[in-house]
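> after the sequence you'll find the predicted model.
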Amino acid sequence: MKKTIFILMSIQFLVYLGFGIIIPVLPEVILQQHYNEVHVGGLLTVYALASFFTAPLWGMLSDRIGRKTLILIGLVGFSLSFWLFSLFFDSLFLLYLSRVVGGLFSGALYAAVTGFAADLSDEENRNKYMGFLGMSIGLGFIFGPAIGGVLGHVSLSLPFTVSALLLLVIFVYALIILREPERSGEANKRALLPKSAASLWTYRIKYLFLFSFMVTFLLAGLEATFQLFQIKKVEITPLQIGYLFMFSGFVDAAIQGGIVRRIKNGTESTWLLYAQIITAIGLFMTVFTSSIFWAGLSLCVFTAGNALARTTIVSLSSKESGGSYGTAAGMAYSMDSLGRIIGPLLFAWLFTVQPNNIYVVSGVLAVLSIGLIFLFRRSTKTLRNAE
């Protein structure tokens, strides 16, 4: 059992490491190859799109062919996407193809790994297992940009080559160790619009869904443009950006472990207000970057607010779901995915038009999104006490 959970955690870690590892390297690739800067956002967006639209299909397929088989297929496909990216910097078409392939097979791994963990667990320990997978995702987000920056300092292709090799090592380990689990129910399938989700939009939880979109939208926009902005401001390198994202990742972890768990029931909306104010301050601070230190400080302030908002909104949404936690979680996941689809492309385009004002616009949007929390507070149409 321990070996199985370790493999599942390793896979989740590598999937989200792969998502983060590209952040400090992609802008350098785009600039070196003299592509339009909007492609930074485009390459991030097609990955999210491919994963978003195919995850439900992979979930159904895992029911038919088995979790282990789909995990093995996903690992090979995900590894292939990194090989493609590392070998074809000079072909914009193949860069996009590699990102589509990566998104497709990351969706397969997400569906199979989540379903595998659900099959291994029961109602009593499922939260613990899902917590392990969540921790792996968080570590992937923390170390992805850092590893990308450090290895990218040696060679821009090295982070992707190393990731591809690690995935093949995990493939061999999974092939030998994993055993197909006994089914404990249906596969963990995420519908594009979960059943009964439309009815939730008639209650005040809809403001939390919209707020969740804004939180991810701003985060994805910053990830797509922060390095391009800092290259213009302080000529930042992939190594430096990797270190900055690593430090901000530890800030994220500190917020999750030190503050979020101490939030008292009934005070969540107040904490969301604080979180978005801190987020806006971090974005406005970025405008005045004049040194690497200031760039890192503004990023850490933004991360503190964003981390606080991301986790608190999940908790509050579950309490507002009236017991329909699965449906609410599915809708929240869809809104987050939309944020990751729209954010990179829109902000990358905005950067090409107004590079000096992009974080002024972002900060204003963060402030305006606070209005959603006030609308939530004013509404009395709640599912909180529903059976």
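Yep, it's here.

> could you point out the helix or strand that follows the host helix or strand of Phe53?
Assessed by DSSP states H and E, Phe53 sits inside helix 38-65. Beyond helix 38-65 on the C-terminal side, the first helix or strand identified by DSSP H and E is helix 67-87.

> quick one: low-confidence parts of the stretch 51-200 of the chain?
Low-confidence segments of the stretch 51-200 of the chain (pLDDT under 70): 55-56, 59, 118, 121-131, 134-135, 138, 183-197.

> would you map the helices across it?
Under the criterion DSSP state H, counting those that start in this stretch, helices of the stretch 51-200 of the chain are mapped to 67-87, 92-120, 126-154, 158-177, 197-200.

> how about TSV for the ones you listed, with mean neighbour count added?
C-betas here are computed from N, CA, C, even on glycine. Below are the helices of the stretch 51-200 of the chain laid out as TSV (neighbours: other C-beta atoms under 10 Å):
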stretch	mean neighbour count
helix 67-87	22
helix 92-120	22
helix 126-154	19
helix 158-177	18
helix 197-200	15
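
> make CSV out of those helices and add distance to Ile342.
Formatted as CSV, those follow (distance: least, C-beta to C-beta, whole Å):
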stretch, distance to Ile342
helix 67-87, 22
helix 92-120, 15
helix 126-154, 20
helix 158-177, 25
helix 197-200, 19
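
> show me what the helix holding Phe53 is packed up against.
In terms of contacts (3 or more C-beta pairs under 8 Å, 6 or more residues apart in numbering; DSSP states H and E), helix 38-65 is packed against helix 26-32, helix 67-87, helix 92-120, helix 205-234, helix 325-353.

> can we see that at 10 Å?
For helix 38-65, the elements it packs on are helix 2-21, helix 26-32, helix 67-87, helix 92-120, helix 205-234, helix 325-353, judged by 3 or more C-beta pairs under 10 Å, 6 or more residues apart in numbering; DSSP states H and E.

> quick one: buried residues of the fifth one?
For helix 205-234, the buried set under the neighbour-count rule, 16 or more other C-beta atoms under 10 Å, comprises 205-231, 233-234.

> coming back round to it: list the buried residues of the helix holding Phe53.
Those would be 38-52, 54-56, 58-59, 61-63, for helix 38-65 by 16+ other C-beta under 10 Å.

> per-domain residue ranges of this structure.
Domain ranges of the chain: 1-190, 196-387, per automatic domain parsing.

> tell me how far the longest one is from the chain's mean position?
Using C-alpha atoms, centre = their mean, to the nearest Å, the mean C-alpha position of domain 196-387 is found 11 Å from that of the whole chain.

> try the first one
For domain 1-190, the distance between its averaged C-alpha position and the chain's averaged C-alpha position is 11 Å (C-alpha atoms, centre = their mean).

> about what we covered before: looking at the helices of the stretch 51-200 of the chain, which is nearest to Val25?
helix 126-154 (4.4 Å; C-beta to C-beta).

> if we can go back for a sec, closest one to Gly148 among the helices and strands packed on helix 38-65?
helix 2-21 (3.8 Å).

> show me what the closest one is packed against.
Contacts defined by 3+ C-beta pairs under 10 Å, 6+ apart place helix 2-21 against helix 38-65, helix 67-87, helix 92-120, helix 126-154, helix 158-177, helix 238-258.

> could you pull out the buried residues of that helix?
For helix 2-21, a neighbour-count test (16+ other C-beta under 10 Å) marks 4-5, 7-21 as buried.

> C-alpha coordinates for that helix, CSV please?
C-alpha atoms of helix 2-21 as CSV (Å, rounded to 0.1, in the frame of the first residue of the first chain):
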residue,chain,number,x,y,z
LYS,A,2,2.8,2.4,0.9
LYS,A,3,4.6,1.8,-2.3
THR,A,4,1.4,2.3,-4.3
ILE,A,5,0.7,5.7,-2.6
PHE,A,6,4.3,6.7,-3.1
ILE,A,7,4.0,6.1,-6.8
LEU,A,8,0.7,7.9,-7.1
MET,A,9,2.2,10.9,-5.2
SER,A,10,5.3,10.8,-7.4
ILE,A,11,3.2,10.9,-10.5
GLN,A,12,1.1,13.8,-9.3
PHE,A,13,4.3,15.6,-8.3
LEU,A,14,5.8,15.2,-11.7
VAL,A,15,2.7,16.3,-13.5
TYR,A,16,2.5,19.6,-11.6
LEU,A,17,6.3,19.9,-11.7
GLY,A,18,6.0,19.7,-15.5
PHE,A,19,3.4,22.5,-15.4
GLY,A,20,5.6,24.7,-13.3
ILE,A,21,9.0,23.9,-14.9
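
> what's the closest non-adjacent residue to Leu383?
Nearest non-adjacent residue to Leu383, counting by C-beta to C-beta, 6 or more residues apart in numbering: Gly322, 2.9 Å away.

> my read: that neighbour touches Lys381, true?
No. Contact between Gly322 and Lys381 fails when scored by C-beta atoms under 10 Å: they sit 11.2 Å apart.

> sounds good, over and out.
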